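>>> just to be clear, the model below is a prediction. Sequence and coordinates:
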Amino acid sequence: MIVTTAKLFRCAYGKYAIGAYNINNLEQTVGLFQGSLQSKAPFILQISKGARKYSDKRFMEGMIRAAEQVFPEAVFAVHLDHGDEETCYDCIKSGFYSSVMIDASHHEFAENIAITKRVVDAAHAKGVSVEAELGQLGGVEEDIVGSVKLTDPEQAVEFVKKSGCDSLAVAIGTSHGAFKFKAEPGKKLGLHFDVVEKIKAKLPGFPMVLHGSSSVPKAEVSRINAAGGKLKDASGVPEEDLAQAGKMGVCKVNIDTDGRLVWTRVHREFFRDFPEKFDLRDVGKPFMDAYAQMIAGKNQMLGSAGHLDEVRAALGKK
Ligand code: G3H
Ligand code: 13P
Ligand code: ZN
């Protein structure tokens, strides 16, 4: 059952966060559905502009429609990740996406509000939810290279009121990719959960979103490097920090990089251990299983695991 993120957030707010996973191909899609059902969790399947281009956006839709039939118990949102205005309109028009992110955070404040408001008006007319972003994450966002600018809680209130968005991605020190924190002498690493707390106090009940939330597990990176990889100084967000976020009004936690690491580890180890093999299904199957296992683990950590039946009962009625 495809539902909007706004509906999922109403079920989750203040209790747990919902994992939002970036999907590009069949093996990830199957692993995502399997892992979510194994852990009995609602989830958000998100598609970036890059994923829509990788094969063709019609393959993404066809694959997910098929997954909906193969896994009829699943409850999930289909979300555009880091959309520009034009891509948002295309997704809203499609009737397939239940949620879009308009990422105009690189524009100045008033322009970000104006762009977001236009997308909100178009989306709400079709029953689609809108995530917006205020502040700048570090690292690379699609084709935008940004430097960190934490979200200002005062501005967040004005932004939400004027734009009408349904959820807000906040910048609290996370960044995209596998190299999130550069150790600098004398500088304490860590996230600014004080910003989340301030926004929660000013906008009670309003869902926040965390981008750049992969944990980049050391064990995964070591296995990749032991199998020929060269990922030096990779680091991510500690899972203990994310586990807390769901209780603080963060309803959506975005994870892409950790899935890419699982893919890299499975494939590097497979071809190291079985150099004589060349059937793509021989490595595709263990990847799907490993990806499902990662998803189930993330859902446990975020607290969404075990809530599927209750969410289906709540949303199925409406
Ligand atoms: O935030 C970016 C996501 O990790 C998607 O990455 O644009 O390479 O598909 P992508
Ligand atoms: P990671 O790179 O930390 O997985 O973040 C993904 C993300 O924010 C997608 O929008
Ligand atoms: Zn992101």
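Arrived safely. Residues are numbered from 1 along each chain as shown. Ligands and ions are numbered 1, 2, ... in the order given.
>>> please count neighbours and contacts with C-alpha atoms only from this point.
Noted.
>>> low-confidence regions, this protein specifically.
139-147, 182-189, 317-318 (pLDDT under 70).
>>> and with 50 instead?
140, 142-145, 185-186 (pLDDT under 50).
>>> and the strands in it, which stretches?
18-22, 43-48, 76-83, 99-102, 129-134, 139-141, 144-146, 167-170, 208-210, 250-255 (DSSP state E).
>>> for the closest residue to G306 other than its chain neighbours, give me its contacts.
Counting by CA to CA, 6 or more residues apart in numbering, K40 is the residue found nearest to G306 once chain neighbours are left out, at 4.8 Å. Going by CA atoms under 8 Å, 6 or more residues apart in numbering, K40 touches 305-309.
>>> cool, T264 as well?
The contact partners of T264, by CA under 8 Å, 6+ apart, come to I224.
>>> for the one 3 residues further on, same thing?
Contacts for H267 were tallied using CA under 8 Å, 6+ apart; they are 283, 287.
>>> next one: it from T116, what distance?
40 Å (CA to CA, to the nearest Å).
>>> try E27
In terms of CA to CA, E27 sits 33 Å off from T116.
>>> settle it for me: which of these two has more neighbours?
T116 (28 against 19; other CA atoms under 10 Å).
>>> ok, now which ones touch the closest residue to that one other than its chain neighbours?
In space, and not counting its chain neighbours, T116 is closest to S163: 5.8 Å by CA to CA, 6+ apart. Neighbouring residues of S163 by CA under 8 Å, 6+ apart: 113-114, 116-117, 120.
>>> and the buried ones among those residues, selectable in ChimeraX?
Only the buried entries of the contacts of S163 go into this ChimeraX selection, using 16 or more other CA atoms under 10 Å:
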select :113,116,117,120
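>>> residues contacting M288?
27-28, 30-31.
>>> what subset of those is buried?
27-28, 30-31.
>>> now the stretch 151-300 of the chain against ligand 1: closest residue?
D256 (4.9 Å; CA to the nearest ligand atom).
>>> ok, the spatially closest residue to K277 that is not a sequence neighbour - how many residues close by?
Distances taken as CA to CA, 6+ apart place F271 nearest to K277, at 7.4 Å, with adjacent residues excluded. Using other CA under 10 Å, the number of residues around F271 comes to 14.
>>> can I assume F271 is in contact with L280?
No. Counting by CA atoms under 8 Å, F271 stays clear of L280, with 10.7 Å between them.
>>> which ones are touching the residue of the stretch 1-150 of the chain found nearest ligand 2?
Closest to ligand 2 within the stretch 1-150 of the chain is D81: 5.6 Å, counting by CA to the nearest ligand atom. If you count contacts by CA under 8 Å, 6+ apart, D81 has them with 46-49, 100-101.
>>> hmm, back to that, out of the contacts of K40, who's nearest ligand 1?
The closest of the contacts of K40, once distances to ligand 1 are taken by CA to the nearest ligand atom, is A305, at 22.8 Å.
>>> excluding its backbone neighbours, what's nearest that closest one?
That would be A41: by CA to CA, 6+ apart, it lies 4.5 Å from A305.
>>> burial check on that neighbour, number of neighbours?
A41, neighbours per other CA under 10 Å, totals 27.
>>> any idea how far it is from V119?
For A41 relative to V119 (CA to CA), the value is 29 Å.
>>> same thing with E276?
52 Å.
>>> who's more crowded, these two?
Remark: of E276 and V119, V119 carries more neighbours, 29 against 8, as counted by other CA under 10 Å.
>>> show me the contacts for the more buried one.
Contacts here follow CA under 8 Å, 6+ apart; on that basis V119 touches 85, 88-89, 102, 130.
>>> quick check, nearest of those to ligand 1?
When the contacts of V119 are compared against ligand 1 (criterion: CA to the nearest ligand atom), the nearest one is I102, at 12.3 Å.
>>> so who does that closest one touch?
With CA under 8 Å, 6+ apart, I102 has these contacts: 82-85, 88, 116, 119, 130-133.
>>> what do you get if the cut-off is 7 Å, keeping everything else the same?
By CA atoms under 7 Å, 6 or more residues apart in numbering, I102 lies in contact with 82-85, 88, 116, 131-132.
>>> which ones are touching Y13?
Counting by CA under 7 Å, 6+ apart, Y13 has contacts 205, 207, 249, 251.
>>> circling back to that earlier point, of the contacts of I102, which is the most crowded?
In terms of neighbours by other CA under 10 Å, the contacts of I102 top out with A132 at 31 neighbours.
>>> hmm, that residue is touching M101, no?
Yes. With contact defined as CA atoms under 7 Å, A132 reaches M101; the gap is 5.7 Å.
>>> from F9, how far off is V128?
On the measure of CA to CA, V128 and F9 end up 14 Å apart.
>>> within range of ligand 2, give me the residues from the stretch 151-300 of the chain.
Proximity of the stretch 151-300 of the chain to ligand 2, by CA under 6 Å from any ligand atom, involves residues 176-177, 211-214, 254-258.
>>> that concludes my questions; thank you for your assistance.
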